[in-house]
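[1] 3D model of this:
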Amino acid sequence: MVVLSSFPPPAEGIKLVQPNTGAFINTRDLGQGTLYIAESRVSWVSTLSGQGFSLEYPHISLHAVSKDPAAFPQECLYLMLDSRLDETDEVLENDDSGDEESTSEMSEVRFIPEDRGTLDAMYHAMTVCQTLHPDPNDSVSDEGDFEDTEEGEYCLDAGESADNDHDNGETENMESDMGQFEDADPEH
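    Predicted structure coming up:
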């Protein structure tokens, strides 16, 4: 559900302020306003009413620059959210045949700046701020394919060590070639 309310825009950690930016939530046009991309949240405030909304980064599943006119008629910053926002769409879906598949638990938000040249800057600011809020359920590990053995020591997984067996001959050749520089004159 979209709750438009009067609230102050973020005051700290602002990465980008983009005036004259249209906002769409799903198919609902909210008009023109100012977009605030801050470290804590993304906010949009209507120019006419002073009302707006804020989105927290953990609920933003995806953000991208959309330039495909088949997907949306204008170039925009596209956000996919992991929850429903638009109350009017929800009412329409509940009036349908009652098919559970028609109910979607996600929403789409589009920000359309008057100056399309700012889309890359908007995307970059979103990327920087999104990295400050990693998904706690993300399965990517910083340790990669290494297994902890003792403090400061790592072992490769069995698949990794098998791939490196073919390098043993080259390593031995490199060690025997190291003696080729023993008679070189040191530079003073």
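[2] hey, where'd the strands end up in this structure?
    5-6, 14-25, 28-38, 41-46, 51-56, 60-66, 76-81, 107-113, 146-148, 154-156 (DSSP state E).
[3] Mind listing what's buried along the second one?
    Spelled out, that is strand 14-25. For strand 14-25, burial by neighbour count (16 or more other Cβ atoms under 10 Å) applies to 14-16, 18, 21-25. (Each C-beta comes from the backbone N, C-alpha and C, glycine too.)
[4] from those residues, which is closest to Phe72?
    Taking Cβ to Cβ as the measure, Phe72 sits nearest to Phe24 out of the buried residues of strand 14-25, at 7.9 Å.
[5] Any idea what that closest one is bridged to?
    Per DSSP bridges, the residues bridged to Phe24 are Asp29, Arg110.
[6] lowest confidence element among the helices and strands of this structure?
    The helix or strand of the chain with the poorest confidence is helix 87-95; it has a mean of 40 (mean pLDDT, DSSP states H and E).
[7] JSON lines for the buried residues of strand 14-25, including distance to Leu48?
    Below are these laid out as JSON lines (distance: Cβ to Cβ, whole Å):
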{"residue": "Ile14", "distance to Leu48": "22"}
{"residue": "Lys15", "distance to Leu48": "25"}
{"residue": "Leu16", "distance to Leu48": "22"}
{"residue": "Gln18", "distance to Leu48": "17"}
{"residue": "Thr21", "distance to Leu48": "13"}
{"residue": "Gly22", "distance to Leu48": "12"}
{"residue": "Ala23", "distance to Leu48": "12"}
{"residue": "Phe24", "distance to Leu48": "16"}
{"residue": "Ile25", "distance to Leu48": "17"}
